[in-house]
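# Structure of the sequence below:
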Amino acid sequence: MERLSQLAMIVLAVIVTVAALDAISDLAAPMALALVIGIVLSPMSDAWERLGLSPVFGALTSLVLALGAMGLIALLMQPIAAQMLDQAPKVWADMQDIVRAVRGLVRGLEDASRDMSQAMAPAAQADVVAPVEGQGMAMPNVTDALMIAPALAAQILTFTGTLFFFLLSRNDMYQAIGRHLASPSNRAVVAARLRDAERTVARYFLTITLVNAALGLLTAAILQALGMPGAFLWGVTAFLLNFVVYLGPAIFMVALLFAGVGAFDGAAALFPMLSFAALNFIEGQFITTALVGKRMALNPLLVFVALLFGIWLWGPIGGIVAIPLMLWGVVLRNGLTVEAAPPRATAKP
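Next up is the predicted model:
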């Protein structure tokens, strides 16, 4: 009975925590993203310290570099969005042709089925529901942008402040966590494991970044060979979206299908998507598995569930931070379990 009570309390605590994180998502999501980026940038912060620079200068330099990289990414993504908007009329016309062909096929099957039914037995006249024309999506106007701007500015400020102060005081934070959450004999162990988990996540992110960069370069080269407009920018997009496992490549393949229909005719419209699908399969099944190694390998089901939970909770930001945070927690837990395990008694001869 006591065990059931403890389990019920744990379940309630998890529900309350998730509800609270959902309620403060505008605050918690940018803070979580800042913490993940701060962990990834930790080797850079350590390098500044080894060079003898002050912690404030090191944290500020890392912050400026991070914000500059994010701004550059946003600028690179803008032409892709503009290209897709320009190609939208042709894609829409091609999709209407496909829909009309499918409707003709379905109508032919319905006519054949109706003739067969009438030949076998009298059939009641089926009600035919006329298709309802979809309402067009309303485009955002200036008023919508002005309403969103304050919330977006607040999230950017939250992200910037959290990242700066985390980079500035992360070592002090680890020591404080060790003092408050561990016994005096294990305080140094907890702080060391926090730093080790930080290095593991940073190493994992660096490995994935190199793999994604290679994937982006190969994607750009293949699309250039196929004659795809904006091949380099598509390679940059592949590089970025591949950080969100499973979902990112799926979104990119849909976008490539959309762009392929807009740029090519006939079966050639499928070549860009199929080429990336082959590259992504090789990368996911062989290259990443070989480079990441067993120590940082995670259960695929656990990764998938964490990704879905992150996206459900915080949207795209949740999809980005879910895997690094899960890896950080797994490494920290495993390390503490090993360190805290009592030594085995050896039998005396």
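# show me the contacts for Thr61.
Contacts of Thr61 were listed using Cβ atoms under 8 Å, 6 or more residues apart in numbering, and they are Trp48, Leu53. (Glycine included, C-beta is placed from N, CA and C.)
# so it is in which element?
Using DSSP states H and E, Thr61 sits within helix 55-120.
# Tell me, how many residues neighbour Leu65?
Using other Cβ atoms under 10 Å as the criterion, Leu65 is surrounded by 12 other residues.
# where does this protein dip in pLDDT?
Counting by pLDDT under 70, the chain has low-confidence residues at 1, 80-81, 83-106, 108-113, 115-148, 182, 293-297, 335-349.
# Determine the set of other helices and strands touching whichever helix or strand comes after the helix holding Thr61.
Sequence order places helix 142-181 as the next helix or strand after helix 55-120, per DSSP H and E. Using 3 or more Cβ pairs under 8 Å, 6 or more residues apart in numbering; DSSP states H and E, the elements in contact with helix 142-181 are helix 25-40, helix 42-50, helix 55-120, helix 187-226.
# Would you convert those helices into JSON lines that also reports distance to Ile320?
Conversion of the helices and strands packed on helix 142-181 to JSON lines gives the following (distance: least, Cβ to Cβ, whole Å):
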{"stretch": "helix 25-40", "distance to Ile320": "7"}
{"stretch": "helix 42-50", "distance to Ile320": "17"}
{"stretch": "helix 55-120", "distance to Ile320": "12"}
{"stretch": "helix 187-226", "distance to Ile320": "11"}
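# Need the winner for burial among the ones you listed.
Comparing those by mean neighbour count (mean count of other Cβ atoms under 10 Å), helix 25-40 comes out on top with a mean of 20.
# Give me the angle between that one and helix 187-226.
90 degrees (axes from the mean of the first three to the mean of the last three Cα atoms, to 10 degrees).
# Dump helix 25-40 to PDB, restricted to CA.
Provided in PDB are the C-alpha atoms of helix 25-40 (Å, rounded to 0.1, in the frame of the first residue of the first chain):
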ATOM      1  CA  SER A  25       6.300  27.700 -22.100                       C
ATOM      2  CA  ASP A  26       6.900  31.200 -23.200                       C
ATOM      3  CA  LEU A  27       9.500  31.500 -20.400                       C
ATOM      4  CA  ALA A  28      10.700  27.900 -20.100                       C
ATOM      5  CA  ALA A  29      11.300  27.100 -23.800                       C
ATOM      6  CA  PRO A  30      13.800  29.900 -24.500                       C
ATOM      7  CA  MET A  31      15.500  29.200 -21.200                       C
ATOM      8  CA  ALA A  32      15.900  25.500 -22.000                       C
ATOM      9  CA  LEU A  33      17.200  26.400 -25.500                       C
ATOM     10  CA  ALA A  34      19.700  28.800 -23.900                       C
ATOM     11  CA  LEU A  35      20.900  26.100 -21.500                       C
ATOM     12  CA  VAL A  36      21.400  23.600 -24.300                       C
ATOM     13  CA  ILE A  37      23.400  26.100 -26.400                       C
ATOM     14  CA  GLY A  38      25.300  27.100 -23.300                       C
ATOM     15  CA  ILE A  39      26.300  23.400 -22.700                       C
ATOM     16  CA  VAL A  40      27.300  23.100 -26.300                       C
END
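# between it and helix 42-50, how many degrees?
60 degrees.
# Show residues contacting helix 25-40.
Residues contacting helix 25-40 (Cβ under 8 Å, 6+ apart): 21, 66, 151, 154-156, 158-160, 162-163, 166-167, 170, 198, 201-202, 205-206, 313-315, 317-318, 320-321, 324-325, 328.
# Between helix 142-181 and it, find me the angle.
60 degrees.
# how far does helix 25-40 sit from the chain's center?
Per Cα atoms, centre = their mean, to the nearest Å, the displacement of helix 25-40 from the mean C-alpha position of its chain is 13 Å.
# and Pro229, which of the three is it?
coil (DSSP: H, G, I helix; E, B strand; the rest coil).
# Check whether it really touches Ala263, as I assumed.
Yes. The criterion here is Cβ atoms under 8 Å, and Pro229 meets it with Ala263 at 5.9 Å.
# okay, the two: which has more neighbours?
In this view Pro229 and Ala263 are compared by other Cβ under 10 Å, and Ala263 has more residues nearby, 21 against 15.
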